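**Student:** pasted the sequence and its predicted model underneath.
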Amino acid sequence: MKSLPRFLPLLAALALAAAPAQAQITVGNVRAAQRAGTKLVDIDYDVTGIATPVIVALEISADGGTTWAVPTTIITGAVGANVTPGSNLRITWNVGADWNNQTSALTRFRLKVSDGMPPLADFAVIPAGNFSMGDPLDGMTDASPHTVSVSAFYMQKKGVTKADWDAVRTWGLVHGYTDLAAGAGKAADHPVQTISWYDVVKWCNARSEQDGLTPCYYTDAAQTLVFKTGTNSIGNTMVKWAANGYRLPTEAEREKAARGGLAGLRFPWGNIISHTEANFYNVGGETYQTGSTGYHPSYAVGGYPYTSPVGSFAANAYGLHDMAGNVWEWCWDWYDAAYYGTPASLTDPAGGPSGSDRVGRGGAWYDDAYGCRAARRGDSSPGNKDNGLGFRPVRR
């Protein structure tokens with residue numbers, strides 16, 4: 001490939017912030033250079049005029065700006081959501097993967113910067129900000145309330161179905177993901193279950209690669225070996241947190257999403273639960289449950305499990321369905337009762353460095369009202385497979 005810099009005149013775009021003050025976001029000092037002896041191009045730039053994280057999109061034209069159709073599939077660095085403004089920000093474009101052996105004297109770069117997250121099909125935007133994590137009600141012993149700051153992210157509006165699981169698993173089995181479990185589901189539109197934490201993490205990587213996104217999970221701290229097979233007990237340093245691929249939510253992300261902007265309540269909608277709001281086992285003795293007792297009368301048919309189709313219950317204020325009941329949802333974190341109240345970081349906490357069990361959130365069709373609370377912390381061995389354990393992914 002010819003040396004690119006002489007073919008790379010630059011064009012930077014300005015964008016107006018959507019903040020109430022209508023502050024102007026300024027993009028400047030844009031420059032590009034090919035790394036010697038490689039097919040990687042670094043695009044450096046500055047963003048000023050705003051202090052909160054922004055969304056950065058890179059577009060490339062090969063015809064002087066008439067069209068912007070040069071592929072930018074393999075890009076890393078200060079791009080996508082949650083980019084912190086500042087100087088000397090860098091995006092690295094893998095030209096060899098996206099545009100190999102192609103050159104143009106009319107190449108242009110365009111950076112689009114905004115302060116909001118664009119819509120993403122089937123995903124809800126969970127806004128950045130502080131929330132009160134934990135439950136001050138009824139003496140929960142391992143969920144002491146504390147304030148946590150979480151960066152903006154996307155969460156899938158509904159849990160992963162058996163049909164979703166099968167589609168990605170089929171792709172994965174012929175692309176290096178050799179031991180993804182078949183999983184189970186009562187029907188194609190019911191949540192997938194009987195899948196381990198290891199299965200779920202590998203599935204997230206497979207879906208990322210299938211969609212042309214950067215995987216989040218690796219088997220080494222250098223983050224070079226994508227986690228595809230086996231049962232590695234990967235830790236926080238083996239996660240590309242800023243990658244645009246799919247991953248499990250942290251406990252903090254899952255709880256903030258479940259609460260939907262409400263504070264200090266037991267459930268995503270309020271303090272009382274019934275079969276109108278969720279699929280759970282109503283024992284009839286808890287002071288904060290009401291209505292019909294036992295298993296959900298609409299879904300206790302056809303033998304176990306008594307799951308319901310995803311999206312059967314009303315969405316919370318963030319647009320997320322079934323955030324209580326139906327199936328527990330795997331989270332990233334190791335379970336640690338002590339870490340929860342005094343995390344190492346109050347900004348985007350990712351849990352402790354090690355443990356024996358991973359966290360599940362949300363409760364299941366066989367759980368009582370207590371199990372469905374927004375702050376309720378389930379824990380299970382990462383190798384466990386249960387007909388009440390499913391998941392939903394998040395991404396940046």
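**Tutor:** That came in fine, so what should we check first? Numbering: from 1, shown residues only.
**Student:** could you dump stretch 27-34 to PDB, C-alpha only?
**Tutor:** The C-alpha coordinates for stretch 27-34 follow below in PDB (Å, rounded to 0.1, in the frame of the first residue of the first chain):
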ATOM      1  CA  VAL A  27     -13.400  20.000  16.700                       C
ATOM      2  CA  GLY A  28      -9.900  21.200  15.700                       C
ATOM      3  CA  ASN A  29      -6.300  20.400  15.100                       C
ATOM      4  CA  VAL A  30      -7.300  17.300  13.000                       C
ATOM      5  CA  ARG A  31      -4.300  15.500  11.500                       C
ATOM      6  CA  ALA A  32      -3.600  12.000  10.200                       C
ATOM      7  CA  ALA A  33      -0.500   9.900   9.700                       C
ATOM      8  CA  GLN A  34       0.100   6.400   8.600                       C
END
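**Student:** ok, the closest residue in space to residue 128 that isn't next to it in sequence to residue 386 distance?
**Tutor:** With sequence-adjacent residues excluded and distances taken as CB to CB, 6 or more residues apart in numbering, residue 128 is closest to residue 152, at 4.0 Å. C-betas here are computed from N, CA, C, even on glycine. To residue 386, residue 152 is 31 Å away according to CB to CB, to the nearest Å.
**Student:** now swap in residue 356 and tell me
**Tutor:** 16 Å.
**Student:** and residue 338, by the same measure?
**Tutor:** To residue 386, residue 338 is 25 Å away according to CB to CB.
**Student:** who has more neighbours, these two?
**Tutor:** residue 386 (17 against 10; other CB atoms under 10 Å).
**Student:** any chance you could map the helices in the stretch 201-350 of the chain?
**Tutor:** Taking DSSP state H, counting those that start in this stretch to define them, one finds helices in the stretch 201-350 of the chain at 251-259, 337-341.
**Student:** lowest mean pLDDT across these, which one is that?
**Tutor:** Lowest mean pLDDT of these: helix 337-341, a mean of 88.
**Student:** that one: what's the following helix or strand?
**Tutor:** As assigned by DSSP states H and E, the chain's next helix or strand after helix 337-341 is strand 358-361.
**Student:** other SSEs contacting that next one?
**Tutor:** Applying 3 or more CB pairs under 8 Å, 6 or more residues apart in numbering; DSSP states H and E, one finds that strand 358-361 contacts helix 251-259, strand 328-334, strand 378-380.
**Student:** how far away from the center of its chain is the last one?
**Tutor:** The gap between the average C-alpha position of strand 378-380 and the chain average comes to 20 Å, counting by CA atoms, centre = their mean, to the nearest Å.
**Student:** what's the mean pLDDT across the helix or strand just after it?
**Tutor:** As assigned by DSSP H and E, the chain's next helix or strand after strand 378-380 is strand 389-390. Strand 389-390 carries an average pLDDT of 98.
**Student:** for stretch 126-144, same thing?
**Tutor:** 89.
**Student:** for stretch 363-379, same thing?
**Tutor:** Mean predicted lDDT for stretch 363-379 stands at 97.
**Student:** quick one: end-to-end distance for it.
**Tutor:** For stretch 363-379, the first-to-last residue distance is 11 Å (CA to CA, to the nearest Å).
**Student:** same deal with stretch 86-105?
**Tutor:** 30 Å.
**Student:** would you state the strands of the stretch 1-150 of the chain in chain order?
**Tutor:** Assigned by DSSP state E, counting those that start in this stretch, the strands in the stretch 1-150 of the chain fall at 15-16, 24-34, 40-48, 54-61, 75-77, 80-83, 86-94, 108-114, 123-126, 129-133, 146-150.
**Student:** so which of those comes closest to residue 298?
**Tutor:** Closest to residue 298 of those is strand 123-126 (CB to CB; 25.0 Å).
**Student:** circling back: output the helices and strands packed on strand 358-361 as CSV; include the columns distance to residue 230 and mean neighbour count.
**Tutor:** As requested, those are arranged in CSV below (distance: least, CB to CB, whole Å; neighbours: other CB atoms under 10 Å):
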stretch, distance to residue 230, mean neighbour count
helix 251-259, 24, 26
strand 328-334, 17, 26
strand 378-380, 19, 19
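**Student:** rebuild these as a markdown table, extending it with distance to residue 108.
**Tutor:** Below are these laid out as a markdown table (distance: least, CB to CB, whole Å):
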| stretch | distance to residue 108 |
| --- | --- |
| helix 251-259 | 37 |
| strand 328-334 | 39 |
| strand 378-380 | 51 |
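**Student:** all set, thanks.
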